[in-house]
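> mind looking at a prediction? Sequence and model below.
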Amino acid sequence: MIVTIINTLLKTLGGILMGIVDSIKNKVSPVTESKVDPDTIEIQPLAERKTVDIIVDRQIRTKYQQGWINKIRKNDITELVLHSTAGGLSAEGLLKWILSGERSKEYYKGIALFHYLIDRDEPHIVEVIDPSYWVYHSSSGTHDKETIGIEMLNPSKTNRAPVTENQYTLLFNLIFKHLLPTYPTIKSIVSHDHNMQFYSKLTPKGCPGSGFDWTRLEKELTKNNIKFNRKGVGDYEVT
Ligand SMILES: [Zn+2]
């Protein structure tokens, strides 16, 4: 009899403790965590996937590993942010400059790194940081947990040099053949300027700047049968 009572008491206590542990867990894990149940993930047939050539750079991520290694994504990717580099003549030159470490203090903290680089005249799309990890690139704080940053090489310090035909082709291949099909949770395409203003109340610095023609993006969205809502300059909701 006493043993039964003790057992019942222990079970009740255990239940209460588990309840407390669960409620702590719920508080610790952010509510915005991905809702996708891993058990429901299915392999998309390879024949349905489109081919995009992406060069994976390993030097930058290796050197600045401490900046991104602890930023594995737990949130869905919901946004693409477009940037221009405000300097540099080629993707290779820019990678060399990043590696040279002029801004290494920031890179080691995961600031000013980005996921993709679009070369100016060569057919190069370079993956700099694996999009499975997030980094700070759009002056929007932890909102960048949900974003992918794409840099277009622009030799002008003020990003005024017009984006080249080669860059539009590469950028649209990356967005429409790779990123949107791979991450169906993406629901907006914005400028760095937009996020600077919206999240940090900062004055826009011209990123991606006047060299980028947003109507080209609109045409491409239409061509790909993607409905969009232009909410402002460099601020598009896509569905
Ligand atoms: Zn930018």
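Great, that's in hand.
> now do Ser138: how many residues are near it, please.
Using other Cβ atoms under 10 Å, Ser138 has 27 neighbouring residues. Every C-beta, even on glycine, is put in place using the N, C-alpha and C of the backbone.
> that one contacts Thr147, doesn't it?
Yes - assessed by Cβ atoms under 8 Å, Ser138 is found in contact with Thr147 at 5.9 Å.
> list residues touching both of these two?
Common neighbours of Ser138 and Thr147 (criterion: Cβ atoms under 8 Å, 6 or more residues apart in numbering): Val81, Asn195.
> just the buried positions in stretch 232-239, please.
The neighbour-count check on stretch 232-239 (16 or more other Cβ atoms under 10 Å) flags Gly234, Asp235, Tyr236, Val238 as buried.
> for the first one, give its distance to the ion.
In this case it means Gly234. Per Cβ to the ion, to the nearest Å, Gly234 is found 11 Å from the ion.
> same question, the third one
Look at Tyr236 and the ion: by Cβ to the ion, they are 16 Å apart.
> paired strands for the helix or strand that residue falls within, with orientation please.
In the assignment (DSSP states H and E), Tyr236 maps to strand 235-238. Next to strand 235-238 in the sheet, as set by DSSP bridges, lie strand 188-191 (antiparallel), strand 228-232 (antiparallel).
> tell me which of the ones you listed sits nearest to Tyr108.
Closest to Tyr108 of the strands paired with strand 235-238, according to Cβ to Cβ: strand 188-191, at 26.4 Å.
> how about CSV for the buried residues of stretch 232-239, with pLDDT added?
Listed next are those as CSV, based on pLDDT from 0 to 100:
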residue, pLDDT
Gly234, 98
Asp235, 98
Tyr236, 98
Val238, 97
